[in-house]
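J.: Just need the structure, nothing else, for what follows:
(one chain, ligands or ions: 1)
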Amino acid sequence: MPEQKALYLTEKFGAFSMGTAPIYKPGPEEVLVRVEAAGLNPADWIVQSYGVIVEEYPVILGIDIAGTIVGLGEGVTRFKKGDRILTGGKIGQSDHGGFQQYMLAYDFATAKIPDEMSFDEAATLTVALCAAMVALYHDGVDAIGGTCGLTLPWEGRGRGKYQGEPVLVLGGAGSVGQAAIQLLKLSGFSPIITTSSLQNADWLKQLGATHIIDRKLPSEAIGAEIRRITSKSFTTVFDAAGLPETQNFGYDLLASGGTMAAVRPDAVQPEKKVEDKKSFFMFGGVSLPQNRKLGTSFFSKLTEMLERGDIKPNRIEVVPNGLEGIVPALGKLKAGVSCVKLVAHPQETV
Ligand SMILES: NC(=O)c1ccc[n+]([C@@H]2O[C@H](COP(=O)([O-])OP(=O)(O)OC[C@H]3O[C@@H](n4cnc5c(N)ncnc54)[C@H](OP(=O)(O)O)[C@@H]3O)[C@@H](O)[C@H]2O)c1
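T.: This next block holds a predicted model:
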């Protein structure tokens, strides 16, 4: 059986170690992908440091992937061999992990990338977009955590529907924050107010944010800035930082009937919670059955959105030394990056 190089997390709280894995055979509705670029996500170091999410070890992680289709399972009609695509991995399932040279992916959660988009750029997008998309647009049926329940902007007349409604994105400079800003722009929200380090302001304006407030200001000063921009309270708040302080801050600004989505477990103080203001922790895994219908719709339109420039990739920093380079790069990600995605090249593994 042909083999490939793979990066394993050997055990719970364990170390990463290079090894080999078989080159998989795609099953029904799966594609085999030659991984050209694998984006790094906080989840990759969170699994190692906190021993959460994954139960079976050794495991191959990696959930943000761009590459070339080299094999097609039964029933796959949207793709052919040689297509350049982006897709997501399934955390905890090694054959669907991106930290190896070849992986399996679900065809419904895969989209072609435009000719002018690099693999590196494409590898910045899937996880962030799915997290934001599921939180903002899930129809609510079996939704994990909750949903803001907004109308899809990529279908029917959903685009621009929320014109004139303000929205707040806390932590806009992260990958997920950038994705949320761009989707909310498609939905028509205005103003789109975000908090970020100010060196990222120009970039976030290019993505659609209308107002950038220095995230390092005291919360009272951030609140005062927001009040200067709009006197309306928010029906939708997206907390892409997910820290206890950002969640509690965002919750206070919600209108009656409003909803706040957060990227980390709900940390709103229980005494603050009221019946008519919702907050929830989203789980953006698009391969989960509950998210599949939405994911199918989104990935079927994603290529067009990328071609039109509706969705732009994050800025990239390439990690040297192929798969082995991922280990120190995860340390760097854990220490904190600003407005950039770290991207590894599994094919460059020596
Ligand atoms: N639940 C899910 O499905 C899901 C999916 C993906 C990610 N996540 C989680 O979402 C979080 C963000 O992920 P990511 O990929 O976007 O991370 P990232 O790109 O590494 O985020 C880095 C950004 O966080 C910003 N930041 C840090 N502290 C902040 C604060 N107090 N206020 C505002 N911004 C702050 C920084 O902003 P500046 O550069 O402006 O300083 C930086 O740009 C992580 O905790 C991740 O685990 C959850």
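J.: Quick check: which helices or strands does the longest helix belonging to the chain pack against?
T.: Longest helix in the chain, counting residues (DSSP state H): helix 289-308. On a contact count with 3 or more C-beta pairs under 8 Å, 6 or more residues apart in numbering; DSSP states H and E, helix 289-308 meets strand 110-112, helix 126-137. From N, CA and C alone the C-beta is placed, and that goes for glycine too.
J.: what does the stretch 51-200 of the chain put close to the ligand?
T.: 127-128, 131, 170-171, 173-177, 195-197, 200 (C-beta under 6 Å from any ligand atom).
J.: Sorry, slip of the keys, the one I care about is the stretch 201-350 of the chain.
T.: Residues of the stretch 201-350 of the chain lying near the ligand (C-beta under 6 Å from any ligand atom): 215, 240-243, 246, 263-264, 282-284, 337-339.
J.: Could you rerun that using 8 Å?
T.: 215-216, 240-243, 245-246, 263-264, 281-285, 314, 333, 336-341 (C-beta under 8 Å from any ligand atom).
J.: now the residues of the stretch 51-200 of the chain next to the ligand as JSON lines including secondary structure?
T.: Converted to JSON lines, those look like this (DSSP: H, G, I helix; E, B strand; the rest coil):
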{"residue": "Val127", "secondary structure": "helix"}
{"residue": "Ala128", "secondary structure": "helix"}
{"residue": "Ala131", "secondary structure": "helix"}
{"residue": "Leu170", "secondary structure": "strand"}
{"residue": "Gly171", "secondary structure": "coil"}
{"residue": "Ala173", "secondary structure": "coil"}
{"residue": "Gly174", "secondary structure": "coil"}
{"residue": "Ser175", "secondary structure": "helix"}
{"residue": "Val176", "secondary structure": "helix"}
{"residue": "Gly177", "secondary structure": "helix"}
{"residue": "Thr195", "secondary structure": "strand"}
{"residue": "Ser196", "secondary structure": "strand"}
{"residue": "Ser197", "secondary structure": "coil"}
{"residue": "Asn200", "secondary structure": "helix"}
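J.: Just the buried ones among those, please.
T.: 127-128, 131, 170-171, 173-177, 195-196, 200 (16 or more other C-beta atoms under 10 Å).
J.: Now render these as CSV, adding distance to Phe108 and pLDDT.
T.: Formatted as CSV, those follow (distance: C-beta to C-beta, whole Å; pLDDT from 0 to 100):
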residue, distance to Phe108, pLDDT
Val127, 16, 98
Ala128, 19, 98
Ala131, 17, 97
Leu170, 31, 98
Gly171, 29, 98
Ala173, 30, 98
Gly174, 26, 97
Ser175, 22, 98
Val176, 21, 98
Gly177, 26, 98
Thr195, 34, 98
Ser196, 33, 98
Asn200, 33, 98
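J.: Lovely, talk soon.
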